[in-house]
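Attaching a predicted model along with its sequence, questions to come.
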Amino acid sequence: MKKKVLIIEDDVEVSEILEFIVTGLDCEAITSTYTLPVKEIQLVSPDLILLDHRLGDELGGDLCLRLKKNASTKDIPVIIVSADLTLKKIVNEFCADDYVEKPFSIDDMEKLIKKYLH
């Protein structure tokens, strides 16, 4: 059974690149351009979440906190993908598992995804 990676990214081009990387690793990519309710993420049951921090009027970090506080989603690894200059602080503040700075290399992203999907 293929691993599922949920990609939440409002930049369509970045989302397509992430989807390309994920499917190239023989995983199923589920994409969204906006934050999803925790209940919807529970139904998707992803093995990993790639989450943009700036999503329109919302912060991906806020969604990350909601996921980490929920008993059924707290163990899903969340990687924040952002160009924010305070990315390391954001990762700690919002309890993300890891981060990738934009722009990112495909090789670095593949390595990080593999790390969390072993």
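Received, thanks.

can you pull the buried residues of stretch 53-72?
Within stretch 53-72, the residues that count as buried by 16 or more other Cβ atoms under 10 Å are 53, 55, 59-61, 63-65, 67-68. Every residue, glycine included, has its C-beta placed from N, CA and C.

Low-confidence regions, the chain specifically.
Low-confidence segments of the chain (pLDDT under 70): none present.

At the geometric centre of it, which residue do we find?
Using Cα atoms, centre = their mean, the residue of the chain that lies closest to the mean C-alpha position is residue 50, 1.4 Å off.

and it, which of the three is it?
strand (DSSP: H, G, I helix; E, B strand; the rest coil).

Skip the chain neighbours and tell me the closest residue to it.
Leaving aside its sequence neighbours, residue 50 sits nearest to residue 7 (Cβ to Cβ, 6 or more residues apart in numbering; 4.8 Å).

now swap in residue 101 and tell me
Counting by Cβ to Cβ, 6+ apart, the residue nearest residue 101 is residue 87, at 5.9 Å.
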